[in-house]
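Q: Quick one, what's the 3D model for this:
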Amino acid sequence: MSADGQAPLVLVVEDELPVLRFLRASLAAHGYRLAEAQSGEEALREAATRVPDVVLLDLGLPDLDGLEVTTRLREWSGVPIIVLSARGQERDKIEALDAGADDYLTKPFAVGELLARLRVALRHAARGASPEEPCVETGELRIDLAARRVFLSGAEVRLTRTEYNLLALLARHVGKVLTHRQLLKEVWGPGAVAQSHYLRVYMGQLRHKLERDPARPRYLLTETGVGYRLAGD
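A: Residues are numbered from 1 along each chain as shown. As a prediction, this is how the structure comes out:
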């Protein structure tokens with residue numbers, strides 16, 4: 001439910017009619033309210049007048065591209081934005097996430113995955129509206145941000161300072177994709193944004209400490225070519 005007790009309002013920004021019809025039917029069937037836009041300018045107007053709880057944004061619009069829509073929305077709104085992207089547009093996805101989008105789905109996508117991403121985005125927005133939670137829990141993993149301690153199945157896991165800083169950053173944005181550039185900038189500083197090998201090394205170390213099977217991670221998920229996310233429940 002949104003803050004006013006109604007079903008969440010999803011602004012669907014999509015100019016391909018078959019995809020729009022698919023989204024309209026799928027979301028309505030699962031109890032979501034919908035607003036629709038088929039261009040970037042219309043999307044910005046709808047976002048301002050309807051105040052949606054989450055935006056599903058296609059990158060390929062007839063007037064403005066999704067990146068510009070994201071940038072302009074972020075000038076005044078913190079609404080969760082889930083980008084809809086065609087395959088092979090990795091650079092566009094990265095740019096949209098860096099511009100402020102919260103997540104992306106690659107077309108074609110399953111209804112179940114779409115609904116899961118929507119739930120995560122709405123939970124993340126609800127947490128952002130309240131004071132930061134001192135602990136983040138997902139599955140058997142618990143990250144105590146106030147005490148800077150990490151527990152797995154109740155047992156404390158010892159992390160290096162850099163390992164903890166990387167995990168804590170992901171935890172503060174649980175469920176959200178963070179790009180390589182975002183992670184490198186926040187953990188290692190602006191001068192390290194090209195040093196992607198830092199992430200590979202430290203993510204490997206974290207997985208060996210936190211994952212039952214590091215080759216099939218449950219918590220620390222790779223978004224190929226884009227970045228990483230900490231899986232939410």
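
Q: nearest residue to the residue nearest the centre of the chain other than its sequence neighbours?
A: Central residue of the chain (C-alpha atoms, centre = their mean): residue 176, 2.7 Å from the mean position. The shortest distance from residue 176 to any residue other than its chain neighbours is 5.1 Å, reached at residue 102 (C-beta to C-beta, 6 or more residues apart in numbering). Backbone N, C-alpha and C define where each C-beta goes, glycine included.

Q: From residue 151, how far off is that neighbour?
A: Noted for residue 102: a distance of 27 Å to residue 151, by C-beta to C-beta, to the nearest Å.

Q: Among the two, which residue is more densely surrounded?
A: Per other C-beta atoms under 10 Å, whichever of residue 102 and residue 151 has more neighbours is residue 102, with 24 against 15.

Q: dump the residue contacts of that one.
A: For residue 102, the contact set (C-beta atoms under 8 Å, 6 or more residues apart in numbering) comprises 80-82, 121, 124, 176-177.

Q: Let me see the contact set for residue 58.
A: Taking C-beta under 8 Å, 6+ apart as the contact definition, residue 58 lies against 13-16, 19, 66, 83-84.

Q: cool, and residue 19?
A: By C-beta under 8 Å, 6+ apart, the neighbours of residue 19 are 58, 84, 107.

Q: list the buried ones in stretch 141-153?
A: Neighbour counts over stretch 141-153 (16 or more other C-beta atoms under 10 Å) mark 141-145, 150, 152 as buried.
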